[in-house]
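J.: below: sequence and its predicted model.
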Amino acid sequence: MMKHRMGSAWLASTALLSGLGAFGAAPALAEDQPAQAQTAAAATEAPKSGQVGDIIVTATRREESAQRVPVAITALSAADMQARGIQTTDDLKFQVPGLQIYSTQVGITNYTIRGLGNANNRSATADGSVGVFVNEAYIGRPFLLNTDFMDMERVEVLRGPQGTLFGRNTIGGAISFYSTKPGPETRAGGEVTVGNYNQLDAGGFISGQIADNVYAKVAVTTRNHDGYDYNTTTHTPIEDQHTTGVAAALRFTPTSNLDITLNVDTTIQRGTGSWWINWVRGPYSGAPYADPRRGNGANDNGFGNINNSGGSLNIAWNTPIGNFTSVTGYRYGTLDSRSPSVGTMPAPPGPPAVNSALSNILFTQEDDYRTRQYSQEFRLASNGDSPLNWLVGAYYFHEKSYHTAIVDFQFNNYYGYAGRARYDSTGTTDAFALFGNVSYNLTDKLKLQAGVRWSSDRKEFTETPSGKSYGAGFKVDGVPVSTFNAAGEKTFRAATPSFTINYQATPSVFLYATVSQGFKSGGFNDVADDKAVAETPYFPEKVWNYEAGFKADLFNHHARLNVSAFRLNYTNLQVQEIVPAFPGGPNLVITANAGKTHNQGVEAEFQVNPVDGLQLYGNFAYQDSRVDQLSTVISGVTISQAGNKLPLVPKTKWMAGAAYTFPIANEIDTTLRGAYSRTSSYFGYITNNPLELVPPQSNLTASLLFEPRGSHWNVELWGKNLENKLNISQLFQIFGASYAKVGVPRTWGLTVRYKY
């Protein structure tokens with residue numbers, strides 16, 4: 001049955017591509033120039049008035065138009081990011097189909113694409129399924145990514161496995177940030193934003209030539225706002241943020257064939273912890289609050305402190321044998337975060353009456369990290385104009401992480417069950433990979449590509465628990481102990497291929513089909529109460545991706561439609577399971593492997609410029625996910641979870657926006673912009689407990705931009721989440737109640753920009 005469904009999806013997508021190819025060949029869409037010439041023009045010519053523009057990307061490790069790469073990609077230029085109000089990485093989730101971004105604690109962010117994400121983003125040995133890169137250097141921990149969009153050149157989000165050409169663990173996709181390189185042109189700019197919640201942001205940059213063939217850039221930013229939520233126990237707003245960052249680049253071009261760029265940055269972030277609310281009240285939770293953003297929490301506000309420094313050395317050298325690229329990355333960071341109580345009413349010590357108003361839960365969680373990582377990548381790519389092109393490379397990554405997890409708990413429905421559990425762990429990763437890719441132009445329109453990557457990840461791990469176990473008690477060989485020292489080591493290896501065919505059906509319609517495999521190494525649970533569990537690694541996950549799509553610029557480039565259809569077959573998908581520590585006891589979150597799962601769907605992006613000054617744009621994603629094989633043992637009973645939905649995978653997600661630019665007295669260009677996005681409900685965990693069902697979410701944004709003609713400055717009034725929706729990003733349940741992490745409320749402000 002599964003093979004039949006997969007075959008049907010593949011036939012349907014093939015028929016769709018064939019139909020569009022015929023449509024694209026119609027005279028109304030034909031152009032005079034041949035495909036190759038048009039492709040070159042797209043890479044060099046600015047769009048004419050009313051036409052959709054092109055963005056040059058490096059998704060295939062070569063500079064190409066985003067409309068000519070056989071990859072499902074969302075590329076956003078600096079102008080796109082400013083126009084759509086993208087100020088942080090979290091804003092990207094509304095712009096990319098199939099992308100989910102959520103945070104459970106300060107600095108602990110999860111990125112998922114097509115259902116693939118980070119199953120255990122707290123562990124010292126865990127890896128993300130979505131690779132994140134800054135100037136081509138891999139960022140292994142979410143809190144090490146404090147990218148500020150000041151003078152950012154572009155962002156590329158690639159969907160589907162990218163293991164052949166990108167760093168490690170890009171089984172779900174890759175998000176790449178590229179800052180603008182300094183050059184001979186003197187450039188400078190800055191902006192100031194004021195808004196509600198006492199928001200005050202400011203930043204600026206200057207870039208230019210400092211000596212012969214030597215260029216430099218410096219950027220400074222600060223971003224601040226008060227807390228979005230209120231702890232009535234401490235009478236203090238929480239979830240505030242105060243961030244300061246400095247970034248610099250030094251570029252040296254001694255010859256026309258050699259380009260060396262050093263990028264460095266440092267960021268300091270301070271603030272209170274994440275606020276959790278009691279979303280669905282259980283029998284021991286008391287009455288709900290009238291305002292979920294206000295409530296009794298712990299007697300401290302928690303904290304979220306990040307120190308992050310690093311950079312990359314990028315070398316591009318055009319040699320007689322090929323284009324040589326070296327990317328050296330280094331990052332060091334610390335994260336100290338503590339989340340307040342989950343928005344419940346903390347009960348005083350002592351035995352409460354059964355089911356009384358004082359039978360409440362006190363729960364705080366703290367995570368402290370120290371992480372150092374280094375990466376080195378070498379690539380050599382052909383530089384000729386022959387039909388055959390090739391690329392080979394080698395990659396190395398080293399990371400050493402220290403993680404301390406602390407849980408303070410007080411469960412008053414269990415008399416005397418309170419205390420502090422502490423888990424100290426270390427994780428070391430040494431990853432090595434060899435990769436290659438070859439493409440051949442069978443004709444001037446038809447191209448075949450194939451690639452393979454061999455990966456070897458070696459992980460070492462230690463864990464020492466102490467205090468009072470949050471669950472069933474610390475154990476060694478089934479015997480209760482006060483503590484233990486666990487150690488583990490495992491090497492995970494895989495060879496992952498990819499095969500692609502693409503066809504330039506017309507000068508403006510591009511078709512492609514891909515079969516590729518992705519791989520993410522396994523790891524260890526570093527908050528385990530049992531020594532055997534701590535020393536037993538979970539398996540690596542693999543996925544086969546079957547995908548077909550088209551990219552079409554229609555009606556003389558006044559409209560664009562990109563569509564992809566995919567089927568993902570997972571093996572040993574790493575998921576978080578919610579299991580009770582003992583019958584009737586509190587739940588524990590562990591990382592486990594789902595034997596067989598799948599996800600299939602369709603994604604689309606569009607942009608239409610019907611008349612001068614008016615732009616319509618949006619995206620849509622439909623996903624149908626299913627667990628085919630997974631069994632969990634709970635209290636000695638085996639429970640099959642076959643048929644469950646994958647976690648963090650909404651069935652539908654869409655965004656629609658419009659922008660209209662008109663002059664005022666022929667002196668000021670005014671742009672009115674608005675966008676609305678909606679995400680359907682999804683489960684927080686693979687157990688599909690109704691208490692973990694995240695409700696539908698929506699976001700309405702709008703802005704009004706004034707830009708005097710011939711000037712260097714503009715002013716923008718903007719608003720986000722204008723409906724003031726209580727959007728929930730994640731839910732977990734315990735004792736028959738569920739607790740939610742809420743998103744940002746309604747925000748609005750005024751931004752003044754200057755650019756020279």
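T.: Ah, there it is.
J.: for stretch 82-94, measure first residue to last.
T.: Between the opening and closing residues of stretch 82-94 lies a distance of 14 Å (Cα to Cα, to the nearest Å).
J.: list the buried residues of it.
T.: 82-87, 89, 91-94 (16 or more other Cβ atoms under 10 Å). Heads up, the C-betas are built off the backbone N, CA and C, glycines and all.
J.: kindly report the same for stretch 481-499.
T.: In stretch 481-499, counting by 16+ other Cβ under 10 Å, buried: 484, 486, 488, 490, 492, 494, 496, 498.
J.: between those residues, which is nearest residue 75?
T.: residue 498 (20.3 Å; Cβ to Cβ).
J.: so which strand or helix has that closest one?
T.: Element membership of residue 498 [criterion: DSSP states H and E] is strand 486-506.
J.: the helix or strand that that strand is followed by pairs with which strands, and in what direction?
T.: Per DSSP H and E, strand 486-506 leads on to strand 509-520 as the next helix or strand towards the C-terminus. Partner strands and pairing direction for strand 509-520 (DSSP bridges) are strand 486-506 (antiparallel), strand 541-554 (antiparallel).
J.: for the spatially most central residue of the chain, which residues make a bridge with it?
T.: The chain has residue 111 as the residue nearest its centroid, 3.1 Å off, counting by Cα atoms, centre = their mean. Residues found in beta-bridge contact with residue 111 (criterion: DSSP bridges) are residue 101.
J.: run through the residues that contact it.
T.: The contact partners of residue 111, taken as Cβ atoms under 8 Å, 6 or more residues apart in numbering, are 99-101, 117-118, 128, 130, 132, 142, 172, 175.
J.: can I get the residues you listed in TSV including pLDDT?
T.: Converted to TSV, the contacts of residue 111 look like this (pLDDT from 0 to 100):
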residue	pLDDT
99	90
100	88
101	85
117	72
118	63
128	82
130	88
132	89
142	84
172	86
175	91
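J.: show me where the stretch 601-750 of the chain has strands.
T.: Counting by DSSP state E, counting those that start in this stretch, the stretch 601-750 of the chain has strands at residues 614-629, 631-634, 637-640, 652-664, 668-679, 682-683, 693-694, 697-708, 713-720, 728-734, 737-742, 747-755.
J.: out of those, the one nearest residue 409 is which?
T.: Put simply, out of the strands of the stretch 601-750 of the chain the one that sits nearest residue 409 is strand 728-734, at 9.9 Å, with distance taken as Cβ to Cβ.
J.: could I get the average pLDDT for the closest one?
T.: Per-residue pLDDT over strand 728-734 has a mean of 79.
J.: that one to strand 737-742, inter-axis angle?
T.: With axes from the mean of the first three to the mean of the last three Cα atoms, to 10 degrees defining the directions, strand 728-734 sits at 160 degrees from strand 737-742.
J.: and strand 728-734 with strand 697-708, angle?
T.: Here strand 728-734 runs at an angle of 150 degrees relative to strand 697-708 (the same axes, to 10 degrees).
J.: kindly export strand 728-734 (C-alpha atoms) in PDB.
T.: Coordinates of each C-alpha in strand 728-734 appear next as PDB, following Å, rounded to 0.1, in the frame of the first residue of the first chain:
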ATOM      1  CA  ILE A 728       1.600  28.800  21.000                       C
ATOM      2  CA  SER A 729       4.800  27.200  19.700                       C
ATOM      3  CA  GLN A 730       5.100  24.100  21.900                       C
ATOM      4  CA  LEU A 731       3.100  22.100  24.500                       C
ATOM      5  CA  PHE A 732       4.000  19.400  27.000                       C
ATOM      6  CA  GLN A 733       1.800  17.600  29.500                       C
ATOM      7  CA  ILE A 734       2.200  16.300  33.000                       C
END
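J.: residues contacting that strand, please?
T.: Around strand 728-734, the neighbours that count as contacts under Cβ under 8 Å, 6+ apart are 102-104, 279-280, 361, 363, 578, 586-587, 589, 684-685, 689, 691-695, 697, 738-743.
J.: quick check on these: which are buried?
T.: Among these, those classed as buried by 16+ other Cβ under 10 Å are 102-104, 279-280, 361, 363, 578, 586-587, 684-685, 689, 691-694, 697, 738-743.
J.: could you find the closest non-adjacent residue to residue 651?
T.: If you skip the residues right next to it in sequence, residue 651 has residue 680 as its closest partner in space, 5.0 Å away by Cβ to Cβ, 6 or more residues apart in numbering.
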